[in-house]
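based on what follows, work out the 3D shape:
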Amino acid sequence: MGVEEIPKETLLEMYRTMHKIRTYEETLAKWYYEGKSPRFDISAGPIPGELHLSSGQESAAVGMCIHLKPEDAVIGTHRAHHFAIAKGVDLKKMTAEIFGKATGLSGGKGGHMHLFDVSKNFSCSGIVGASFPQAVGVGIAAKLKGEDYVAVAVGGDGAANQGTFHEALNLAAVWKLPVIFLIEDNGWAISVPKEKSTAVAKNSERAKAYGIPGVSVDGADVIAVYEVAKEAVERARRGEGPSLIEVRTYRLRGHFEGDPQLYRPKEDLELAKEKDPLRNFEKLLLEKGIATEEELSRIREENEKEVQEAIDFALKSPYPEPEEALKGVFAGGD
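Predicted structure coming up:
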């Protein structure tokens, strides 16, 4: 399938989402550093704590989620804003959650690594490798109910070395569950390069051990991701079982904001800029005559407005009241 075979409306929607993700995260980064200088203090500013951004990895989320229905589930990682946005999570509520406000998805108690939106069947966690068994649970529910929905488990190349990854792959393969395992391989497990932590060159090769399809795709090309994701989703809906997709992505920022990246060669950073999926997609749309600069400019302006509205909503929202500290935390509570 080539780009010419994909409807223009779909392509523009993909561009809109990719650009929205990039705009959102670059804007968040600016607010994150408020109050954290001249000495970097992770507890200071309107967004305290860690912040993991996905700039450069947008294609993995957009290429996959464009094929999903509202009832399909996505379970993300600690770096999950791109999948949340691609799955349709409310931008204002998500931003309020990241700012720790009462109007957030979880009342400001979860923060950016624990985003939950039941209405969109999206969740994520700061626990490395946690998404895999959770997605298998969703797959089991779908099969027992006889309903047509799939689950997508997202993990990084570091998470692919966790026991949960292999246990989940095995069970999903044995029971032919409608689960898609998506590994975002940005070449680094925090500061450990993949070649020093992983015995295989591509995580997709691990699919052979479980008798399921495995494919590795260049995340610099969102159309390539779109194609392999489409095949995996259709296979799951047909009841043929799970698939493993490795998306080779290129992180434009540090593992977390404030990361000096002293471990990372300059050449790797330059490659990430060259492999920027948003820039490459924009260039493709213009060169193929699929979209005009005016059309793309209008999309960018709309995204910038929406992102600013989300930031304004978060800033104006109140913090949770102190007496709400234990509400919604323990089972059986209010």
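
what sits against the residue lying closest to Glu321 once chain neighbours are set aside?
In space, and not counting its chain neighbours, Glu321 is closest to Ala102: 7.6 Å by CB to CB, 6 or more residues apart in numbering. C-beta coordinates here come from the backbone N, C-alpha and C atoms, glycine included. Taking CB atoms under 8 Å, 6 or more residues apart in numbering as the contact definition, Ala102 lies against Ala96, Gly108, Ser317, Pro318, Tyr319, Pro320, Glu321, Glu324.

all strands of the protein, in order?
For the chain, the strands defined by DSSP state E cover 73-76, 116-117, 122-124, 151-156, 179-185, 188-189, 192-193, 214-218, 243-248.

out of the contacts of Ala102, give me the one that has the most neighbours.
Ranked by the number of neighbours (other CB atoms under 10 Å), these place Ala96 first, at 26 neighbours.

was I right to think it contacts Thr103?
Yes - under the criterion of CB atoms under 8 Å, Ala96 makes contact with Thr103 at 4.3 Å.

let me see the contact set for the most centrally placed residue in the chain.
The centroid of the chain falls nearest to Phe83 when counting by CA atoms, centre = their mean (3.3 Å). By CB under 8 Å, 6+ apart, the residues touching Phe83 are Ala60, Ala61, Met64, Cys65, Val74, Gly76, Phe122, Cys124, Val154.

okay, those residues in JSON lines with pLDDT and distance to Thr249 next?
JSON lines is the format used below for these (pLDDT from 0 to 100; distance: CB to CB, whole Å):
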{"residue": "Ala60", "pLDDT": "98", "distance to Thr249": "6"}
{"residue": "Ala61", "pLDDT": "98", "distance to Thr249": "10"}
{"residue": "Met64", "pLDDT": "98", "distance to Thr249": "12"}
{"residue": "Cys65", "pLDDT": "98", "distance to Thr249": "15"}
{"residue": "Val74", "pLDDT": "98", "distance to Thr249": "17"}
{"residue": "Gly76", "pLDDT": "98", "distance to Thr249": "14"}
{"residue": "Phe122", "pLDDT": "98", "distance to Thr249": "20"}
{"residue": "Cys124", "pLDDT": "97", "distance to Thr249": "17"}
{"residue": "Val154", "pLDDT": "98", "distance to Thr249": "11"}
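
quick one: which of these is nearest Val329?
Comparing the contacts of Phe83 against Val329 with CB to CB picks out Cys124 as the nearest, at 18.3 Å.

which stretches of the stretch 51-200 of the chain have low pLDDT?
Low-confidence segments of the stretch 51-200 of the chain, defined by pLDDT under 70, are absent.

where exactly do the helices run in it?
Using DSSP state H, counting those that start in this stretch, the helices of the stretch 51-200 of the chain run over residues 58-65, 81-86, 91-98, 131-145, 163-174.

for Glu282, find the nearest of those helices.
Nearest of the helices of the stretch 51-200 of the chain (CB to CB): helix 58-65, 11.7 Å.

need the CA coordinates for the closest one. PDB is fine.
What follows is helix 58-65, C-alpha atoms only, in PDB (Å, rounded to 0.1, in the frame of the first residue of the first chain):
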ATOM      1  CA  GLU A  58       4.800  10.400  17.200                       C
ATOM      2  CA  SER A  59       4.500   8.000  14.200                       C
ATOM      3  CA  ALA A  60       4.200   5.000  16.500                       C
ATOM      4  CA  ALA A  61       1.100   6.300  18.200                       C
ATOM      5  CA  VAL A  62      -0.500   7.900  15.100                       C
ATOM      6  CA  GLY A  63       0.200   5.000  12.800                       C
ATOM      7  CA  MET A  64      -1.400   2.500  15.200                       C
ATOM      8  CA  CYS A  65      -4.300   4.500  16.700                       C
END
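
all set, thanks.
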